[in-house]
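A.B. asks: pasting the structure only:
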Ligand code: GLV
Ligand code: MN
Ligand code: MN
């Protein structure tokens, strides 16, 4: 097997240009991207991605949940490919880098290997996973979750967005319900490059995060049922106000996460008042909650404390509160051999690095449950993500793509 040294590098300009080329699909006036999964802008970026993969000589196929796979043959086709990639959907007010960097860096790795005439022993397969973000359809990372068997394909196809459109209908409307059953594209390992989406690497002036673990996630759908009544005539002690109840729940969530901190976070991200009106006391509110920790025991404590606090608030205010746990993702511990491979690549390239826990969820976290997986992080400006202001430097994106490439080469092997 041939050894490839640090002189093999991706093309930073080409990677940067492709990131900015895709940013026009769903570009927002503030410089961000709105590319909700399976919407018209997602179709545009998918068509673009398919064409670029085919131009790079990849065989592209799509599975029944719309995840896209571009296969580059290896010398030994009896080996399952090494997977690399991420996602191309964004948050409603998302940035140019979340998911995009990892997917386009995977394309850049293929282009670089093509230009250098390098054949790998095992094939490699670049991926664009459907609905990583989870903002249109829940849960987040649903296609990779179905891939690993956490949900059936039928279950995911029937999930609906706020307008009542199902995943199946959305896939058909953009022509991305593929013919491959979910899970049939096998991998011998998976590596995902991503921006950190947090402040640690930037604060410590490190270029590469060697991701060894990821936070677990609890997602809840909540509903508060109080009583609608006249804002002018209903005395304060007689009210059963759903919004005042939510206010207490939000503060309870914050206090509980703080109490279990620094290894816990909690957020109420959505709240919808039914039939809102200035002079009606809110009677019905739907809301969502997102709680995370990298420690399973803390996740259990968050769940317990949250339920107890909400029950007490509801009883005192004489309202009904239901809380459905719609998603529970345990903490991730990435495969030690692949984590070491990422670290070795960073060292070989002479890049400053540290081990790090991912605060965000990623498709690699799901995939790690059925195959060895690992992640590479690069810093993002001020640690900001899920925001149109999200930014990362050209040099850091290139450094991350180089670590990705050399990790994949070490895993796939280079044919002599
Ligand atoms: C995915 O973006 C997440 O919620 O972590
Ligand atoms: Mn992402
Ligand atoms: Mn995201």
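C.D. replies: Arrived safely, thanks for sending. Every value quoted in this text rests on a predicted model; they were computed, and no experiment measured them. Ligands and ions are numbered 1, 2, ... in the order given.

A.B. asks: quickly list the domain ranges of this protein.
C.D. replies: Using automatic domain parsing, the domain ranges for the chain come out as 12-215+331-412, 216-329.

A.B. asks: okay if I get these as JSON lines plus mean pLDDT, distance to ligand 1 and mean neighbour count?
C.D. replies: Backbone N, C-alpha and C define where each C-beta goes, glycine included. What follows is the domains of the chain, written out as JSON lines (pLDDT from 0 to 100; distance: least, CB to the nearest ligand atom, whole Å; neighbours: other CB atoms under 10 Å):
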{"stretch": "domain 12-215+331-412", "mean pLDDT": "98", "distance to ligand 1": "3", "mean neighbour count": "21"}
{"stretch": "domain 216-329", "mean pLDDT": "98", "distance to ligand 1": "7", "mean neighbour count": "17"}
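
A.B. asks: now render those as JSON lines, adding distance to ligand 2.
C.D. replies: Listed next are the domains of the chain as JSON lines, based on distance: least, CB to the ion, whole Å:
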{"stretch": "domain 12-215+331-412", "distance to ligand 2": "4"}
{"stretch": "domain 216-329", "distance to ligand 2": "13"}
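
A.B. asks: adding distance to residue 3, write those domains out as JSON lines.
C.D. replies: Converted to JSON lines, the domains of the chain look like this (distance: least, CB to CB, whole Å):
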{"stretch": "domain 12-215+331-412", "distance to residue 3": "9"}
{"stretch": "domain 216-329", "distance to residue 3": "35"}
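
A.B. asks: so what's residue 306 up against?
C.D. replies: 220, 252, 253, 256, 266, 289, 291, 323 (CB atoms under 8 Å, 6 or more residues apart in numbering).

A.B. asks: may I have the beta-bridge partners of the last one?
C.D. replies: By that I understand residue 323. Note on residue 323: beta-bridge partners by DSSP bridges are residue 222.

A.B. asks: what's it in contact with, if anything?
C.D. replies: 220, 221, 222, 289, 306, 307, 310.

A.B. asks: now these in TSV, with secondary structure?
C.D. replies: Below are those laid out as TSV (DSSP: H, G, I helix; E, B strand; the rest coil):
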residue	secondary structure
220	strand
221	strand
222	strand
289	strand
306	helix
307	helix
310	helix
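
A.B. asks: measure stretch 309-327 end to end?
C.D. replies: 20 Å (CA to CA, to the nearest Å).

A.B. asks: before we move on, what about stretch 354-372?
C.D. replies: Stretch 354-372: ends 20 Å apart by CA to CA.

A.B. asks: ok, the contacts of residue 323 vs residue 235, which is closest?
C.D. replies: Nearest to residue 235 among the contacts of residue 323 is residue 310, at 25.4 Å by CB to CB.

A.B. asks: please name the nearest non-neighbouring residue to residue 321.
C.D. replies: Distances taken as CB to CB, 6 or more residues apart in numbering place residue 314 nearest to residue 321, at 4.2 Å, with adjacent residues excluded.

A.B. asks: helix/strand/coil for residue 325?
C.D. replies: strand.

A.B. asks: leaving out the residues flanking it, which one is nearest to it?
C.D. replies: residue 220 (5.7 Å).
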